[in-house]
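>>> Return a 3D structure for these sequence lines:
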Amino acid sequence: MHGSSWVKRRVLQLQRLISLILSLILIFTVGSGLVRELYSVGDVIMAGESIGVRQTRIGGREVGEVLVNGQVVLRVRTSAGGLTPFQRAAVIAGRIAACAGEGYRPDAILPDVVNGSNAVSWRGELIATVDAAHAKLNNTTPYLLAKVWANNMRRAFGCASVPTEYVLDDANGEVITAFCTASWYGDGLDGQVTASGELFDSSALTAAHRYLPFGTRVRVTNLYNGKSVVVVINDRGPYVKGRAIDLSKGAAIALGMKEQGIGPVKLEVMGSGRVI
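Next comes the predicted model:
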């Protein structure tokens, strides 16, 4: 009986290993569109130079761990989209390897919102989605967990933690996206003349910016909850250090940040012009 049980366990282990390898091959050849050489270092299956993934169990739960330079940067604890935690971790490792292979600087790894969900991105490219289930398992919010994961990745690559303000530029050096802090204003100012000459309407979707041309449309995304709104610049400000944009009360309500007053946002100019 003992021998039979041992054989069964070994067969199951071999089946699992074969399944993991096949999953990785599928993920890295079809999912990324690139053929990558897979190899194993101990119990870690490598997705690229110094980037790997391994399967483990924590608290009786299957967990997929993503490693960068030998450091665990994040743990995937739930299944989604028909993928196991390990398979999801393998996808993430593949994305990290692809961005690293493109020579992206690690200071462009940031907590972000992608397709309405909290995430970690690298130069705007999705690395990992952070869902409510993961946040709950870690006793935190999706945004804060995304920030933890981003910081873990940055440190593993030898980079400082996520700054309060950061910009991404294109090949021409034009700033295309800004991660910064927003506030809102407007109580008691209805009917007053803004810097653009328009009358202020606190319920309108407008904002103040220090130098974007009046009439510029900017998509503002609340990094805490993923809500987005497009505002029109019609005033100047803010003039408080550390804040990049002042939203109308209507915009703050639409973004779900009226009560908190200030918060981390992503700014994207809808057209030409520097964001920050």
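>>> going forward, measure contacts between C-alpha atoms and count neighbours the same way
Noted.
>>> Contact partners for residue 229?
Residue 229 makes contacts with 205, 219, 220, 221, 251, 254, 255, as judged by C-alpha atoms under 8 Å, 6 or more residues apart in numbering.
>>> out of those residues, what pair is the most spread apart?
Using C-alpha to C-alpha, the pair of the contacts of residue 229 lying farthest apart is 205 and 221, separated by 13.3 Å.
>>> okay, these two: which has more neighbours?
residue 221 (24 against 20; other C-alpha atoms under 10 Å).
>>> Pull the contacting residues for that one.
By C-alpha under 8 Å, 6+ apart, the contact list for residue 221 reads 113, 227, 228, 229, 255, 265, 266, 267.
>>> Now, these that are in strands?
Among the contacts of residue 221, the members falling in strands (DSSP state E) are 113, 228, 229, 265, 266, 267.
>>> Against residue 182, how distant is residue 217?
Distance of residue 217 to residue 182, given as C-alpha to C-alpha, to the nearest Å: 16 Å.
>>> Tell me which of these two has more neighbours.
residue 182 (25 against 20).
>>> Spatially nearest residue to that one, not counting backbone neighbours?
Among residues not flanking residue 182 along the chain, residue 245 sits closest, at 5.0 Å (C-alpha to C-alpha, 6 or more residues apart in numbering).
>>> now the one you found: how far from residue 265?
For residue 245, the distance to residue 265 equals 9 Å [C-alpha to C-alpha].
>>> which residues do the two both contact?
Jointly contacting residue 245 and residue 265 under the rule C-alpha under 8 Å, 6+ apart are 181, 182.
>>> Out of the contacts of residue 221, which comes closest to residue 141?
Using C-alpha to C-alpha, residue 113 is the member of the contacts of residue 221 that sits closest to residue 141, with 13.3 Å.
>>> didn't residue 108 look like it was pressed against residue 122?
Yes - contact status for residue 108 versus residue 122: in contact at 5.4 Å, counting by C-alpha atoms under 8 Å.
>>> So what touches the one helix or strand residue 118 maps to?
Element membership for residue 118 (DSSP states H and E) is strand 117-122. By C-alpha under 8 Å, 6+ apart, the residues outside strand 117-122 that reach it are 99, 104, 106, 108-113, 126-131, 142-143, 146-147, 149-150, 223-226.
>>> Quick check: phi and psi on the residue nearest to residue 182?
Dihedral angles of residue 245 (phi, psi; degrees, to the nearest 10) stand at phi -150, psi 140.
>>> average model confidence for stretch 70-77?
For stretch 70-77, mean pLDDT is 95.
>>> Quick check: buried residues in it?
Buried residues in stretch 70-77, counted by 16 or more other C-alpha atoms under 10 Å: 71, 72, 73, 74, 75, 76, 77.
>>> Pick the one among those residues closest to residue 166.
The nearest member of the buried residues of stretch 70-77 to residue 166, counting by C-alpha to C-alpha, is residue 73 at 21.2 Å.
>>> For residue 265, see how far away the nearest residue to residue 194 once chain neighbours are set aside is.
In space, and not counting its chain neighbours, residue 194 is closest to residue 235: 5.3 Å by C-alpha to C-alpha, 6+ apart. Separation of residue 235 from residue 265 (C-alpha to C-alpha): 19 Å.
>>> These two: who's more crowded?
Neighbour totals were compared for residue 235 and residue 265, and residue 265 leads with 28 against 25 (other C-alpha under 10 Å).
>>> Low-confidence regions, the stretch 101-250 of the chain specifically.
Counting by pLDDT under 70, the ranges of the stretch 101-250 of the chain that qualify are 170-175.
>>> how about the contacts of residue 221 in TSV, adding distance to residue 195?
Rendered in TSV, the data for the contacts of residue 221 read as follows (distance: C-alpha to C-alpha, whole Å):
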residue	distance to residue 195
113	31
227	27
228	25
229	22
255	24
265	23
266	24
267	21
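>>> I'd like to know which of those residues are buried.
Neighbour-count burial (16+ other C-alpha under 10 Å) is assigned, among those, to 113, 227, 228, 255, 265, 266, 267.
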